[in-house]
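Participant: Below is the sequence, then the predicted model.
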4 protein chains.
Amino acid sequence: MTVVNKDLIAAGQVAAHNAQRAANLEADYAALGGMLERRGIDIEKITALAQTFAVALPSWGVGTGGTRFARFPGKGEPRNVFEKIDDCGVIHQLTRATPTVSLHFPWDKTDDPAALREHAAAYGLGFDAVNSNTFQDQVGQEQTYKYGSLTNISAAVREQAVAHNIECIELGRALGSKALTVWVGDGANFPGQSNLRGALERYLDSMRNIYSALPDDWNVLIEHKLFEPAFYATTIADWGTSFACAQELGPKAKCLVDLGHHAPNTNIEMIVARLAQFGKLGGFHFNDSKYGDDDLDSGSINPFQLFLVFNELADAASREGAGFQTANMLDQSHNVTDPIESLMNSAVEVQRAFVQAALVDRAALKQHQEGNDVLQAAQALKHAFRTDVSAILAMARVRSGGAADPVACYRASGYRVQAAEQRPAKAGASSSGIV
Amino acid sequence: MTVVNKDLIAAGQVAAHNAQRAANLEADYAALGGMLERRGIDIEKITALAQTFAVALPSWGVGTGGTRFARFPGKGEPRNVFEKIDDCGVIHQLTRATPTVSLHFPWDKTDDPAALREHAAAYGLGFDAVNSNTFQDQVGQEQTYKYGSLTNISAAVREQAVAHNIECIELGRALGSKALTVWVGDGANFPGQSNLRGALERYLDSMRNIYSALPDDWNVLIEHKLFEPAFYATTIADWGTSFACAQELGPKAKCLVDLGHHAPNTNIEMIVARLAQFGKLGGFHFNDSKYGDDDLDSGSINPFQLFLVFNELADAASREGAGFQTANMLDQSHNVTDPIESLMNSAVEVQRAFVQAALVDRAALKQHQEGNDVLQAAQALKHAFRTDVSAILAMARVRSGGAADPVACYRASGYRVQAAEQRPAKAGASSSGIV
Amino acid sequence: MTVVNKDLIAAGQVAAHNAQRAANLEADYAALGGMLERRGIDIEKITALAQTFAVALPSWGVGTGGTRFARFPGKGEPRNVFEKIDDCGVIHQLTRATPTVSLHFPWDKTDDPAALREHAAAYGLGFDAVNSNTFQDQVGQEQTYKYGSLTNISAAVREQAVAHNIECIELGRALGSKALTVWVGDGANFPGQSNLRGALERYLDSMRNIYSALPDDWNVLIEHKLFEPAFYATTIADWGTSFACAQELGPKAKCLVDLGHHAPNTNIEMIVARLAQFGKLGGFHFNDSKYGDDDLDSGSINPFQLFLVFNELADAASREGAGFQTANMLDQSHNVTDPIESLMNSAVEVQRAFVQAALVDRAALKQHQEGNDVLQAAQALKHAFRTDVSAILAMARVRSGGAADPVACYRASGYRVQAAEQRPAKAGASSSGIV
Amino acid sequence: MTVVNKDLIAAGQVAAHNAQRAANLEADYAALGGMLERRGIDIEKITALAQTFAVALPSWGVGTGGTRFARFPGKGEPRNVFEKIDDCGVIHQLTRATPTVSLHFPWDKTDDPAALREHAAAYGLGFDAVNSNTFQDQVGQEQTYKYGSLTNISAAVREQAVAHNIECIELGRALGSKALTVWVGDGANFPGQSNLRGALERYLDSMRNIYSALPDDWNVLIEHKLFEPAFYATTIADWGTSFACAQELGPKAKCLVDLGHHAPNTNIEMIVARLAQFGKLGGFHFNDSKYGDDDLDSGSINPFQLFLVFNELADAASREGAGFQTANMLDQSHNVTDPIESLMNSAVEVQRAFVQAALVDRAALKQHQEGNDVLQAAQALKHAFRTDVSAILAMARVRSGGAADPVACYRASGYRVQAAEQRPAKAGASSSGIV
């Protein structure tokens, strides 16, 4: 693990916080350990596994989000990418589960990538996939994306969008990223507005240009979304389209699954299984939703679904071996909570699903499946999901140098109060990438 | 009909436009008249009925809309309520179908309601229901709506929201409105965030205060919406809640149906029938949608559904008699079209559904229904819907002084080009109520 | 508690089963007790509460279910209502959570209600709400329900349907039931097939006749369902219609919520809150679903949603006091599992949600809500949901005379093998009420 | 066109029917012709095109359908495949739009394919794609499909299912078919029931065996469906999976789109465009739906969507040229109508969409799209859709020897009354393939 040189919250504060909770945590951990032991599971192995968990933070997630109706900013919001990294540093310091940050350009563009990289490294942070933005017009931009970007009927617009993506790759290289995530909102609001096939042909053409600029050890991740901002037809609307495009582009192109980007009732864990089977599962944007792309906190609405996704990842890992890995990040909109708190809590919820999936007795599950013992097969998953692994997660954090209760520790630290003083609100915050 | 004193597009231009199209229109009208006559329908009666149609314009609809991701403004957007009224004037001049405007406060707040009323009257425009806004914070506002308005846990916030609604009634009275539409986005993003029942109790308490400030001849229209901005639970989420609240409040409280505010697969025309049956159907926000509250142009996605809604209105009118009327307005977000064109076109599409519903042979329909002749009952509706009444709509417009082809006439007039010159873009346009 | 005179599975077998598991259960229970104590919760109070839990069994649930495509019967299916009661007896013996059975007429019609009542009482079973069936034609029936029952255009059909419901009340009285559940599939497959308002008027007229036949201490429960068997419009499609009808009928009419009968994305727990608030929450059909009325095992797809429903019930109980109670039953289709196993397991899952909801720290929750501490309010629910109360449930069963692990005990007993021998398959099993 | 040797309805009756309607039809046709001429369209070309339209009939569609709750049989239902062909013959005689029938085995299995072929040919009928059935157990079948067919964990079950499909190919060859449609309901009702990836691996393995038995000039059509009979996960649930499998199998494997087999809100016409683009669009099952796989009459719920599907087919045809063709059939469940009437009417509705799509001014549409004239692009489609082409459809039928008004002519013929006499109801009709 990268050495952390700089603590945003005093190490002594964290230590005191943990000391206060040590007795209860030890007792809970021992109780859970006994329960697991009676099921034939060694809690220490699970805790060690929990310590390996990592999920990337979205730079835009540390600001307060909003809807098309309103945004109600919180206090002490970061005003630039360096302050965003500070907030990510706090999250990682206390959770020890978020060692990388995913940047969004041009929101997070910097003239001095080396300084940014150093700033992040001081907190033990590296950079995950970088994200391009061709769904908004930037001040001074020559061409407008009003009618699409990579799919635009105009070659000039497409070239601008391609160039921006290539610039993102360059920025990412300077920061140590290894992947570019491409999400375009391109599509149509009306039947007839665009030729559905023509639009995808232009998309593929644009993507081929971006693909050819990828370094050898990079991936490009295609992110699909059913709707919004396009409300009749979105060019990359579903996993089928994403998959077909990734195939057209080549081995470095993979599919990214955002949990909130599907039609109602969709079985998302099956999409995960399909993409893994066909070698195109690239990564995730974790969040939760009840209606659409709600971008709620991971695990807040349907925690069992999150577990089932990780159950598929565990199945894939058991098939594919060490080579199997995906680019995982949180992608949420924090409209009514302190973003730092929501991100800490969400990282823990995703980690919880990861750990619960590790508790599944796969040999027994397989046996039930092969015997068509449907009830017990289902119970094999429920049994793992029902297990309250909170003590494991807390112990893993403490052992890795984090906080037993990250939110409580963060609140006690006064970090937000300080930030509110040091970062007076600026007007038009949405231009800094809070959507 | 109110005398129109002022033409935004030169009367001569409209006349020339119509003259150019007269021969074709007459021929199409005669052809259609013959077809209808062979079905036993007098086209003249239908055309006369079409001329009575009216739907209100939303003042915020004349600006370009957007999503939480971006807004791509058009040229010549109105910068204040007077310019919005100008644009509405053009729409009404050419369609003769939109004699009223629905204002939104504080976006459209004016210090001189009399001047605004006069300004509108000059175009033959009056004012429909006024809309309050407690889903955004205004600059200088004392209390924040971040955690709700009429349902807020804080009495001070609720009082502020109630006072704003009462102020809207006052403004509406000065303008000649007869109804207040109340939409609140209040709700929760997380299970547990608010006590679901407590929130509705507070809503009812707030609404009782607003209700008691209503003039005797006013209605308050409760608008429900499934989700957005709240993404887990919306306090007024469905027609059941809206209906229960309208009952609690009293006879002046009615329910407003926005076509895009329902769960997937919902049978909206049945909700219309239910509210009409129980005496609580207050009005409509017309638009179309494929996924959620997409606010697309009326009839652009599912025109048969729009027809079925008007079929229920025709059924209700035939039962309730002359007393049956609802407050109807367009409520759309024009993200990729010229808002004036979309509103003209949408007014015509709603009028089309109204006219098609009038073509239903209700005696035959009833007979088929009573004989369980399911196929022919269904065909009775389809037969009316299939009828291309374009010539009737055009003739109705021409006879009422509008344009045979409003969009073509508008384009030829150069109105937008002129507006673009006279109304340079201003920064932060979203504060003027374009969502 | 009713004295059980008759054991379907030898008491000694259950005792041996429990003895084998006693040490582990005690250890797990002690471990959990310690964890709860550190949260300030006395496990004994929770266990005592768990012992009070009861949910009714659906008589039709003990047969294998199917779809319109196929039914794959299992072995030893009950061939009549007495055998169904036997199976229900096993479920109650081992779970101690299902002391009542809900019958469906005419499927379960008997000439000797007293004998049936005695047969059930011998297992400690009583009878919950009775269900009428006007969605199928029975052999020899005079009128057909092809075009509806309580809403049929024909008075003769409606009278037949009303008479059947009144007969159900009579049968229910003889059996000790206190409620009639009315579900009608009536509706339309085509726009135009029926007059939407006329159909509901006829429904209300029919229901008034049924209502007037209700004994004073009975309720009638109105069950709504979005679709199927009607695929365009269902007369009682949503809670709003159910609620409006219950109001029209009077205080003995209440609404029944089946978890699978809603539009996609519907917030069901909010419907529960609304009906409780307006005094019309009558009861539940518990099951789970991913797509429509899938009738899957309770808690198998979205266990957090089931918890949130019980969270609302706990909230209502805390407001309404001892008088608050609802008629709760399982309503599932067991297509690929042994129905007895699924029902045992499902009863436990519903009980689990009941117990978890009791763990919510309502004082803390209220404080978080009142302080707009959204994150901690959400965590207050998640904390309770995350708690693995399996040991409490097992201990409650054991203390009440049931089995530590009902499914394992049942399997060991050989009950199904015996049933397979004693109950040879009969042709056309679907006529016995397996849908 | 195949010579029709045998008329089920006396030719004189049809002629008299048409003669009665000739004057009105001529007048309507002339009126429409004039309107089209003023838009630059030659009605004769459109009528000639309409005469080329063909859609296959499903043999199982001529019986009354039902739901899992009930089936209400009609009178005179066909009792075997020969009687089914008779009914199909009537439909084709009157509509001239349904020259082929799609059979379902073993429901339609015959020992004498040559006789069946001859029987059909006498009505001018040939055979379209044949359908296998591994979603039901047949009497005497060795292995059960309770836990799946092509995906079953047991090799013996999979072999049985493969063998059945190969037998279907053999039967199809004898009948002159050129395609096999494979729909399996295989999937899971519970998370954990089956290994999602393992199930698809077994599916592909089974399909490879079927594929290798395909004649050179045959296609195999993969039909996906979101849910039902499986309610948690369906192995072939979406077009992405169907597409990936078709790719794995080879060029003779294509995807079949059933309009009712998608998640809510899905843009089906875009799926059509995608499959066409990637060379895997094999055919359609036409029907309509509001909630799920409702199997309602084509065009009865959302006629604009049906038009948009044909708009994509027209676009594909304009790109791919004469080689582009798909296997199109109706697949509906007629629960409350006379199946013959519904099928006649539905064939006409699909033909209507085909004709309306031909009215789209593609040059103008392209120009609007290329100029980002969104409003006019949308109107180009709506203009075509709005056109009432009923007179064209009637004229095409009359000119091809069919009836001006097929339903009226059929009713007048007394065919159903006669059938009711000749075909007394048989018990257990669902075994003949009415689902």
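Facilitator: Happy to help now that I have it.
Participant: Count residues in the vicinity of residue A:21, would you?
Facilitator: Residues within reach of residue A:21, counting by other Cβ atoms under 10 Å in any protein chain shown, total 18. Glycine gets a C-beta too; all of them are placed from N, C-alpha and C.
Participant: you'd agree it is up against residue A:404?
Facilitator: Yes - taking contacts as Cβ atoms under 8 Å, residue A:21 lies within contact range of residue A:404: 4.3 Å.
Participant: Assign the residue of chain A found nearest chain D to helix, strand or coil.
Facilitator: Of all residues in chain A, residue A:240 sits closest to chain D, at 2.9 Å by Cβ to the nearest Cβ. Here residue A:240 is recorded as helix under DSSP: H, G, I helix; E, B strand; the rest coil.
Participant: my guess is it meets residue D:246, correct?
Facilitator: No - Residue A:240 lies out of contact with residue D:246 (Cβ under 8 Å); the separation is 11.4 Å.
Participant: circling back to that earlier point, residues shared between the contacts of residue A:21 and residue A:404?
Facilitator: Common contacts of residue A:21 and residue A:404 (Cβ atoms under 8 Å, 6 or more residues apart in numbering or on different chains): residue A:394.
Participant: picking that back up, residues in contact with the residue of chain A closest to chain D?
Facilitator: So residue A:240 contacts D:238, D:239, D:240, D:241, D:243, D:271, D:274 (Cβ under 8 Å, 6+ apart).
Participant: my guess is the fourth one contacts residue D:200, does it?
Facilitator: Spelled out, it's residue D:241. Yes - contact criterion Cβ under 8 Å: residue D:241 and residue D:200 qualify, at 7.1 Å.
Participant: what residues do the two have in common as contacts?
Facilitator: Joint contacts of residue D:241 and residue D:200 (Cβ under 8 Å, 6+ apart) are A:274, D:235.
Participant: who in the stretch 301-435 of chain A is up against chain C?
Facilitator: By Cβ under 8 Å from any Cβ of the partner chain, the residues of the stretch 301-435 of chain A that approach chain C are A:301-305, A:336-338, A:341-342, A:345, A:372, A:374-376, A:378-379, A:382, A:385-388, A:390, A:407.
Participant: Name only those of the residues you listed that count as buried.
Facilitator: By neighbour count, with 16 or more other Cβ atoms under 10 Å in any protein chain shown, these hold A:301-305, A:336-338, A:341-342, A:345, A:372, A:374-376, A:378-379, A:382, A:385-388, A:390, A:407 as buried.
Participant: contacts with chain B among the residues you listed, please.
Facilitator: Within those, those near chain B by Cβ under 8 Å from any Cβ are A:301, A:336.
Participant: So which bits of the stretch 1-150 of chain A are right by chain B?
Facilitator: Residues of the stretch 1-150 of chain A lying near chain B by Cβ under 8 Å from any Cβ: A:66-70, A:72, A:135-137, A:144-147.
Participant: Which phi and psi values does residue A:66 adopt?
Facilitator: phi -160, psi -170 (degrees, to the nearest 10).
Participant: That one touches residue A:336, doesn't it?
Facilitator: No - with contacts counted by Cβ under 8 Å, residue A:66 stays clear of residue A:336, the gap being 10.2 Å.
Participant: Mind listing the shared neighbours of the two?
Facilitator: By Cβ under 8 Å, 6+ apart, the residues touching both residue A:66 and residue A:336 are residue A:72.
Participant: Quick one: residues contacting residue A:304.
Facilitator: Going by Cβ under 8 Å, 6+ apart, residue A:304 touches A:385, C:301, C:302, C:303, C:304, D:191.
Participant: try 10 Å
Facilitator: Applying Cβ atoms under 10 Å, 6 or more residues apart in numbering or on different chains, we find residue A:304 in contact with A:311, A:353, A:356, A:381-382, A:385-386, C:299-305, D:191.
Participant: Where does it sit: helix, strand or coil?
Facilitator: Residue A:304 ends up helix, using three-state DSSP.
Participant: So it versus residue D:232, what's the distance?
Facilitator: The gap separating residue A:304 from residue D:232 is 12 Å, by Cβ to Cβ, to the nearest Å.
Participant: overlap in contacts of the two?
Facilitator: Common neighbours of residue A:304 and residue D:232, using Cβ under 10 Å, 6+ apart, are C:300, C:301, D:191.
Participant: circling back to that earlier point, okay, and which of the buried ones among the residues of the stretch 301-435 of chain A next to chain C map to helices?
Facilitator: A:303-305, A:341-342, A:345, A:374-376, A:378-379, A:382, A:385-386, A:390, A:407 (DSSP state H).
Participant: ok, of the residues you listed, which one's closest to residue C:154?
Facilitator: Comparing those against residue C:154 with Cβ to Cβ picks out residue A:374 as the nearest, at 44.2 Å.
Participant: now for the residues of the stretch 1-150 of chain A next to chain B, which pair is the farthest apart?
Facilitator: Distance extremes for those: the farthest pair is A:72 and A:147 at 31.4 Å, using Cβ to Cβ.
Participant: Which of those two has more residues huddled nearby?
Facilitator: The neighbour comparison of residue A:72 against residue A:147 (other Cβ under 10 Å) goes to residue A:147, with 20 against 17.
Participant: give the contact list for the more buried one.
Facilitator: A:153-154, A:157, A:186, A:188, A:193-194, B:72, B:336, D:369, D:371-372, D:374.
Participant: again with residue A:47
Facilitator: Residue A:47 neighbours (Cβ under 10 Å, 6+ apart): A:29, A:32, A:33, A:355, A:389, A:391, A:392, A:393, A:394, A:395, A:396, A:399.
Participant: Give me the pLDDT value at it.
Facilitator: pLDDT recorded at residue A:47 is 98.
Participant: ok, back up a step: of the residues of the stretch 1-150 of chain A next to chain B, just the buried ones, PyMOL syntax please.
Facilitator: To isolate in PyMOL the members of the residues of the stretch 1-150 of chain A next to chain B that are buried, counting by 16+ other Cβ under 10 Å, one can use:
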select buried, chain A and resi 66+67+68+70+72+135+136+137+145+146+147
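Participant: how about the residues of the stretch 1-150 of chain A next to chain B in TSV, adding pLDDT?
Facilitator: Shown next, in TSV, are the residues of the stretch 1-150 of chain A next to chain B (pLDDT from 0 to 100):
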residue	pLDDT
A:66	97
A:67	97
A:68	96
A:69	96
A:70	97
A:72	97
A:135	97
A:136	97
A:137	97
A:144	98
A:145	98
A:146	98
A:147	98
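Participant: Closest one of the residues of the stretch 1-150 of chain A next to chain B to chain C?
Facilitator: Comparing the residues of the stretch 1-150 of chain A next to chain B against chain C with Cβ to the nearest Cβ places residue A:72 closest, at 11.2 Å.
Participant: Return the residues in contact with the nearest residue to that closest one once chain neighbours are set aside.
Facilitator: Of all residues not flanking residue A:72 in the chain, residue B:146 sits nearest, at 3.7 Å (Cβ to Cβ, 6 or more residues apart in numbering or on different chains). The contact partners of residue B:146, taken as Cβ under 10 Å, 6+ apart, are A:64, A:70-74, A:335-336, B:137, B:152, B:157, C:372, C:374.
Participant: With residue C:334 as the reference, measure out to the residue located most distally from the centre of chain A.
Facilitator: Residue farthest from the centre of chain A, counting by Cα atoms, centre = their mean, is residue A:371 at 37.1 Å. Noted for residue A:371: a distance of 18 Å to residue C:334, by Cβ to Cβ.
Participant: same check, this time on residue A:194
Facilitator: Remark: distance between residue A:194 and residue C:334 (Cβ to Cβ) = 48 Å.
Participant: Flag every buried residue along the helix or strand hosting residue A:29.
Facilitator: Using DSSP states H and E, residue A:29 falls within helix A:11-38. Within helix A:11-38, the residues that count as buried by 16+ other Cβ under 10 Å are A:13-14, A:17-18, A:21, A:24-25, A:27-29, A:31-36.
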